[in-house]
Structure formats: structure tokens, C-alpha cells
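> Can you look at this prediction? I've put the sequence above it.
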Amino acid sequence: MRMLYQFLIIVVISFIGEMLNHFIPLPIPASIYGIVILFAALKMEWVKSQHIAEVCRFLILIMPVLFIPSAVGLIKSWDLISANLLQYVVILMVSTVVVMTTSAIATQWVIKHNKNNKK
């Protein structure tokens, strides 16, 4: 019953994100609204991390299964993808390098910032 309650919290926040996406005419996916709302709720302690920790661990555990529909969609669209495969590969490689570089810089900044605060 506890996991059902925890999952309900996440579903309600996701639903609020869907409603915001429907009523606010911005090109932002509903899932991003939901993530921001969940982050704000955790930061303001409206939702405590222990209130959703167990179901979050479960969702992370089954995350590979959640990618199956996307993979099937890619396979079904192979005719469209194969015509532009080189462009997709280049975009994938460039975006991967940009994300890795940005993440590394942000991580180094956070580590340096935390060291300076401890001194």
C-alpha cells in the first residue's frame, strides 16, 4: 500500500504537469513541467524524499524496460531513418560531446564551489 501511495504522488505531479502543458502555450514537454514541480515540491519540503524514495528506486530499477516502446518505434521507422542515417549519426556524436563537456564543466564548478564553501 505504501508504494501505491508513493506512486500516486508521482502520478498526481505528472498530471499537474500535463495540465500545465495543456493550458500554457509554450513548447515545453509536460514531463519537464512535472519534473520542475516535483523538484520544487521536494525543495520546499511539501513532499519529503522518503515519501517517494521506494517507488523511485523501483522505477530506476525497471528503467531499461521503459525504453522498449521507443526502440520499437525506431525499428518501425527504419525506412525514414536510414535515408538520413549519416546526419543522425553526426548529430548524435556532436550532441553527446556537447552534453559530456557541459556536464564535466558543471561538475567541476560544483566541486570547486563546494570546496571553497568548506574552507
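That came in fine, so what should we check first?

> for stretch 82-96, which positions count as buried?
Within stretch 82-96, no residue is scored as buried using 16 or more other C-beta atoms under 10 Å. (C-beta placed from N, C-alpha, C; glycine too.)

> can you check stretch 35-44 too?
In stretch 35-44, counting by 16+ other C-beta under 10 Å, buried: 37-38, 41.

> how about the residues you listed in CSV, adding pLDDT, distance to residue 57 and secondary structure?
Formatted as CSV, the buried residues of stretch 35-44 follow (pLDDT from 0 to 100; distance: C-beta to C-beta, whole Å; DSSP: H, G, I helix; E, B strand; the rest coil):
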residue, pLDDT, distance to residue 57, secondary structure
37, 96, 21, helix
38, 95, 15, helix
41, 95, 18, helix
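
> any chance you could map the strands in the chain?
Taking DSSP state E, the chain contains no strands at all.

> Dump stretch 62-77 to CSV, restricted to CA.
Output of stretch 62-77 as CSV, limited to C-alpha atoms (Å, rounded to 0.1, in the frame of the first residue of the first chain):
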residue,chain,number,x,y,z
ILE,A,62,12.9,-1.0,-14.3
MET,A,63,14.0,1.9,-16.4
PRO,A,64,15.5,-0.3,-19.2
VAL,A,65,12.1,-1.8,-19.8
LEU,A,66,10.6,1.7,-20.2
PHE,A,67,12.8,2.2,-23.3
ILE,A,68,11.4,-0.7,-25.2
PRO,A,69,8.5,1.3,-26.8
SER,A,70,11.0,3.9,-28.1
ALA,A,71,13.2,1.2,-29.6
VAL,A,72,10.2,-0.4,-31.3
GLY,A,73,9.2,3.0,-32.7
LEU,A,74,12.8,3.4,-34.1
ILE,A,75,12.7,0.0,-35.7
LYS,A,76,9.2,0.7,-37.2
SER,A,77,10.6,4.0,-38.7
